[in-house]
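Asker: I'll drop the sequence and a predicted model, then ask my questions.
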Amino acid sequence: MMSNDTIDEGHYLEFIDRLHVVSCMIDEHLLGHPLTTVEKKAKKRISKALGLIQDTYQEIGSKMTI
């Protein structure tokens, strides 16, 4: 694990990129799955998780200086 001394701007860019990739995968492969039209509780939970990931994307992105 890295210490905070080794964190640079590139790490932020890489991290938000990974958040974006995961968000797209959740949206396409889970929320886009036909079962979510039947399993409303599952869809709601997955949507909540996606929202938290997207919030994190915005939060981390706002800390970037590039």
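Answerer: Structure's in. What do you need?
Asker: I'd like to know how far residue 52 sits from residue 25.
Answerer: As for residue 52, its distance to residue 25 is 15 Å (criterion: Cβ to Cβ, to the nearest Å). The way it works is simple: take the backbone N, C-alpha and C, and place the C-beta from them, glycine included.
Asker: Give me the phi and psi for residue 8.
Answerer: Phi and psi for residue 8, reported as degrees, to the nearest 10, are phi -130, psi -180.
Asker: so what does whichever strand or helix holds residue 11 touch, helix or strand wise?
Answerer: Using DSSP states H and E, residue 11 falls within helix 9-25. Applying 3 or more Cβ pairs under 8 Å, 6 or more residues apart in numbering; DSSP states H and E, one finds that helix 9-25 contacts helix 40-62.
Asker: For the helix it packs on, what is the distance to the chain centroid?
Answerer: 7 Å (Cα atoms, centre = their mean, to the nearest Å).
Asker: contacts for it?
Answerer: Defining contact as Cβ atoms under 8 Å, 6 or more residues apart in numbering, one finds that helix 40-62 is touched by 12, 15-16, 19-20, 22-23, 26-27, 30-31, 35-37.
Asker: quick one: which two of the residues you listed are the most distant?
Answerer: The largest separation in the contacts of helix 40-62, counting by Cβ to Cβ, is between 12 and 37 at 36.8 Å.
Asker: who has more neighbours, those two?
Answerer: More crowded of residue 12 and residue 37, by other Cβ atoms under 10 Å: residue 12, with 16 against 8.
Asker: Would you confirm that the more buried one contacts residue 63?
Answerer: Yes - using Cβ atoms under 8 Å as the test, residue 12 is close enough to residue 63 to be in contact (6.5 Å).
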